[in-house]
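S.K.: Can you look at this prediction? I've put the sequence above it.
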Amino acid sequence: MTISSASGGRSSTTFGNRVFLFEVEGLRQSANTDALNYPIRRSGSVFLQVPYSRMNEEMQRLSRLGARIVSIRPLGSAAGNGTSPAPATVTADTAPRPAASVNGDQSSLAPAQATVMTQAKDKEKEKAIPVNTYRPNAPFVGHCLSNEPLVGDGGIGIVQHLTFDLSGSNLRYLEGQSIGIIPPGTDAGGKPHKLRLYSIASTRHGDKLDDQTVSLCVRQLEYKHPETGEMVYGVCSTYLCGLEAGTEVKITGPVGKEMLLPEDPDANIVMMATGTGIAPFRAYLWRMFKDEERSLNSEYDFKGFAWLIFGIPTTPNILYKEELEEIQHRYPENFRLTYAISREQKNASGGRMYIQDRVAEHADELWNMVQDEKTHVYICGLKGMEDGIDQAMTTAAAKQGVEWSTYQKTLKRAGRWHVETY
Ligand SMILES: Cc1cc2nc3c(=O)[nH]c(=O)nc-3n(C[C@H](O)[C@H](O)[C@H](O)COP(=O)(O)OP(=O)(O)OC[C@H]3O[C@@H](n4cnc5c(N)ncnc54)[C@H](O)[C@@H]3O)c2cc1C
């Protein structure tokens, strides 16, 4: 089956000669599609070659046709000078599949069969993700093993690293998931407190590497009451930050599938964190780089590239600083560490250096990275941090004539753009 490319159009950018391979599902039969020269398939994927200059238009057209873009990946330059790429043809049954969805035996199958197998595998994987082993009405009662301060002298606020004993439970979790904590006591209405979620900061093996603990990174919430001006302290975070070793704790979960790491050990993992948003990234980085962890994970030998962009107010607020810098020192080729220290560093306009300013500085590089299907981006921390990141990416994508918001949707659908903010 031959597919005409969506070619044409002059690009004014220096990247205008690049061509992208769209994997598209669900092109449905309709008066519109009948009038076009697209192959119609009810299931499976079709592949279209699209030059840069027509990417936005093509995305919009596919969306109008009810199709779903599964992935977009660069194919390199079109023949010629790129101002008018020759209409390319791709044979659906022989079209190259994105590396991430090709798996040994499947590459010799027709795309439809391979898709069915991939979907079955995905379902199996889904089942293997533990969720809600303990629910709020029957939490696991563990106890606190340790509670250590993470903010150095002169830093702002209180952030603690807590480890809980899970022995005697069935609670298993994966990097990127969260657990719930139910604080003791009752709320203003006399009802038992509701659970609060916390991102897990340890790997699935736990900080003691015995699969029997879970760790959190908790900031004590404190703010001035907007009307009375009195200091208010958060219920659960204050309870956790003051918890003594040995105290019993009600734990629920695990929950969350948004922040799971891809299994591909060659993936590029871009992490953007503010404050305690570092928690899941600590788990990822320990899984990727810590010797003892690596020895426990024969199936995951990380050889990709990890980049942490970490926003904090002051140097003493750099959570897990020594360990992060040790990883950077040991693995300079595989781990890049970039701080945005708002009260100490200046942005390009002379103002405070927030995470979005750092992202803006590196936006062209990040934009190039996200076009590689091996790149996964994770954002975790303060609610609202996405806006500045989106602005920076919008500017970088626009330089190549691409609308970021549309492109970002394809990244989300492909499971390569992950956000957990609170
Ligand atoms: C998926 C997920 C993961 C999370 N992971 C972490 C984590 O790793 N570490 C972490 O520390 N937290 C994390 N949180 C946040 C955590 O769940 C709690 O929300 C946080 O600890 C505050 O709970 P609390 O009981 O101390 O505060 P509460 O007593 O519940 O008070 C919170 C309430 O105070 C009010 N409030 C808060 N700030 C202000 C303000 N500036 N002005 C006026 N009113 C205000 C709001 O009404 C807010 O709902 C996560 C949340 C989610 C959803």
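M.R.: Received the coordinates, thanks.
S.K.: other SSEs contacting the helix or strand harbouring Val50?
M.R.: Secondary structure from DSSP states H and E places Val50 in strand 45-51. Using 3 or more Cβ pairs under 8 Å, 6 or more residues apart in numbering; DSSP states H and E, the elements in contact with strand 45-51 are strand 2-4, strand 18-25, strand 89-91. C-beta coordinates here come from the backbone N, C-alpha and C atoms, glycine included.
S.K.: mean pLDDT for the ones you listed: which is lowest?
M.R.: When the helices and strands packed on strand 45-51 are compared on average pLDDT, strand 89-91 comes out lowest at a mean of 30.
S.K.: The residue in the chain that the ligand sits nearest to - nearest residue in space that isn't next to it in sequence?
M.R.: Of all residues in the chain, Gly234 sits closest to the ligand, at 2.1 Å by Cβ to the nearest ligand atom. Computed as Cβ to Cβ, 6 or more residues apart in numbering, the closest residue to Gly234 that is not its neighbour in sequence is Leu221, at 2.9 Å.
S.K.: give me the number of residues near the one you found?
M.R.: Neighbours of Leu221 under the rule other Cβ atoms under 10 Å: 16.
S.K.: can you check the one 4 residues further on too?
M.R.: For His225, the number of neighbouring residues by other Cβ under 10 Å comes to 9.
S.K.: The residue nearest the centre of the chain pairs with what?
M.R.: Compute the mean C-alpha point of the chain, and by Cα atoms, centre = their mean the closest residue is Tyr378, 2.6 Å away. Note on Tyr378: beta-bridge partners Met271, His418, judged by DSSP bridges.
S.K.: I figured it hits Glu258, correct?
M.R.: No - Tyr378 is not in contact with Glu258 according to Cβ atoms under 8 Å; the separation is 9.0 Å.
S.K.: Spit out the residues that contact these two alike.
M.R.: Contact with both Tyr378 and Glu258 is made by residues 176, 418-420, according to Cβ atoms under 8 Å, 6 or more residues apart in numbering.
S.K.: Now tabulate these in CSV and tack on neighbour count.
M.R.: Formatted as CSV, the shared contacts of Tyr378 and Glu258 follow (neighbours: other Cβ atoms under 10 Å):
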residue, neighbour count
Gly176, 25
His418, 20
Val419, 17
Glu420, 18
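S.K.: and the two most separated of the residues you listed?
M.R.: Taking Cβ to Cβ as the measure, the shared contacts of Tyr378 and Glu258 reach their widest spread between Gly176 and Val419, a distance of 12.1 Å.
S.K.: Which neighbours do these two have in common?
M.R.: 258, 378.
S.K.: Give me the phi and psi angles of Val359.
M.R.: When read as degrees, to the nearest 10, the backbone of Val359 gives phi -60, psi -40.
S.K.: can you pull the contacts of it?
M.R.: 272, 309, 366, 388-389, 392-393.
S.K.: do Thr394 as well
M.R.: 404-405.
S.K.: pLDDT at Gln106, what is it?
M.R.: Gln106 is given a pLDDT of 44.
S.K.: Strands of the stretch 101-250 of the chain, start to end?
M.R.: Ranges of strands within the stretch 101-250 of the chain are 140-149, 159-165, 178-182, 196-199, 213-219, 222-224, 231-233, 248-255, based on DSSP state E, counting those that start in this stretch.
S.K.: Kindly calculate the angle that the third one makes with strand 248-255.
M.R.: Using axes from the mean of the first three to the mean of the last three Cα atoms, to 10 degrees, the direction of strand 178-182 lies 150 degrees away from that of strand 248-255.
S.K.: Name the residues that touch strand 178-182?
M.R.: 136, 139, 171, 173, 192-200, 214, 216, 236, 239-240, 249-256.
S.K.: Please save the CA atoms from whichever helix or strand comes after the strand holding Val50 in PDB.
M.R.: Proceeding N to C from strand 45-51, the next assigned helix or strand is helix 55-64, under DSSP H and E. Extracted as PDB, the C-alpha positions of helix 55-64 are listed here (Å, rounded to 0.1, in the frame of the first residue of the first chain):
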ATOM      1  CA  MET A  55       3.800  19.900  10.200                       C
ATOM      2  CA  ASN A  56       1.300  22.100  11.800                       C
ATOM      3  CA  GLU A  57      -1.100  22.000   8.800                       C
ATOM      4  CA  GLU A  58      -0.700  18.200   8.700                       C
ATOM      5  CA  MET A  59      -1.400  17.800  12.400                       C
ATOM      6  CA  GLN A  60      -4.600  19.900  12.100                       C
ATOM      7  CA  ARG A  61      -5.700  18.000   9.000                       C
ATOM      8  CA  LEU A  62      -5.200  14.600  10.600                       C
ATOM      9  CA  SER A  63      -7.000  15.800  13.700                       C
ATOM     10  CA  ARG A  64     -10.000  16.900  11.500                       C
END
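S.K.: In helix 55-64, which residues are buried?
M.R.: By 16 or more other Cβ atoms under 10 Å, the buried positions in helix 55-64 come out as 55-56, 58-59, 62.
S.K.: and the least confident of these?
M.R.: Among these, Asn56 has the weakest pLDDT, 79.
S.K.: residue contacts, it?
M.R.: So Asn56 contacts 401-403, 406 (Cβ under 8 Å, 6+ apart).
S.K.: how about CSV for the residues you listed, with secondary structure and pLDDT added?
M.R.: Converted to CSV, the contacts of Asn56 look like this (DSSP: H, G, I helix; E, B strand; the rest coil; pLDDT from 0 to 100):
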residue, secondary structure, pLDDT
Gly401, coil, 95
Val402, coil, 96
Glu403, coil, 97
Thr406, helix, 97
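S.K.: Can you get me a residue count around Ala348?
M.R.: 9.
S.K.: again with Arg413
M.R.: Arg413, neighbours per other Cβ under 10 Å, totals 14.
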